[in-house]
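Undergrad: using only what follows, build the 3D model:
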Amino acid sequence: MALGPVDVYIIGFPGNQFTGQIAPELIDLINSGTIRVIDILLVIKDAEGVVTSIEMSDLASDSGPSFMSVDIAQPGALGQDDAEEISDDLPLNSSALLLAFENVWAGKLVSAMQGADAYVIDYIRIPADVAEAVITA
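TA: Residues are numbered from 1 along each chain as shown. Sure thing, here's the model as predicted:
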């Protein structure tokens with residue numbers, strides 16, 4: 001099957017309040033075959049502006065599902081260059097989780113398009129809050 005499209009999410013955490021609460025939902029998406037994690041990187045900027053990046057393997061929690069149980073397809077795909085690129089936009093005393101994942105669910109569609117000699121001309125992602133506002137209006 002063809003590779004599905006890959007998304008990179010940059011998820012912000014004001015006040016460096018990274019709790020790992022995203023891990024169980026991520027694990028559910030992986031277990032259902034919806035996504036495949038390419039890589040995960042946590043970028044932290046302290047109150048003085050010092051930036052630290054932490055590999056996924058350092059994001060373990062002592063209880064419940066954690067990022068330690070996530071199978072990473074390409075460890076190191078996200079790295080120091082990515083951390084530096086987002087650090088300029090990261091406010092002091094905050095963090096960002098970089099999450100790169102393949103949309104496995106779209107692999108069959110990609111295969112069908114390849115078989116039809118078709119291609120994607122453009123791709124637009126509408127943020128969830130914007131979609132919700134339009135649908136509920």
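Undergrad: hey, let's count contacts and neighbours off CA atoms from now on
TA: Will do.
Undergrad: quick one: contacts for the spatially most central residue of the chain?
TA: The residue lying closest to the centre of the chain (CA atoms, centre = their mean) is L99, at 2.0 Å. Contact analysis of L99 by CA atoms under 8 Å, 6 or more residues apart in numbering lists D7, V8, Y9, I10, I11, V37, I38, D39, I40, L41.
Undergrad: and whichever strand or helix holds the last one, which strands flank it?
TA: In this assignment (DSSP states H and E), L41 forms part of strand 36-45. Using DSSP bridges, the neighbouring strands of strand 36-45 in the sheet come out as strand 51-55 (antiparallel), strand 94-102 (antiparallel).
Undergrad: which stretches of the chain have low pLDDT?
TA: Applying pLDDT under 70 to the chain picks out residues 1, 57-68.
Undergrad: mind redoing it with 50?
TA: Applying pLDDT under 50 to the chain picks out residues 63.
Undergrad: which stretches of it form helices?
TA: 23-31, 80-87, 107-115, 128-136 (DSSP state H).
Undergrad: same list (those) but as CSV, adding distance to D46 and mean neighbour count.
TA: Output for the helices of the chain, formatted as CSV (distance: least, CA to CA, whole Å; neighbours: other CA atoms under 10 Å):
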stretch, distance to D46, mean neighbour count
helix 23-31, 23, 16
helix 80-87, 11, 15
helix 107-115, 40, 15
helix 128-136, 28, 9
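Undergrad: among the ones you listed, which is nearest S95?
TA: The closest of those to S95 is helix 80-87. By CA to CA, the value is 8.9 Å.
Undergrad: what packs against the closest one?
TA: With contacts taken as 3 or more CA pairs under 8 Å, 6 or more residues apart in numbering; DSSP states H and E, helix 80-87 sits against strand 36-45, strand 51-55.
Undergrad: with distance to M56 added, can I get the helices of the chain in CSV?
TA: CSV is the format used below for the helices of the chain (distance: least, CA to CA, whole Å):
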stretch, distance to M56
helix 23-31, 11
helix 80-87, 13
helix 107-115, 25
helix 128-136, 26
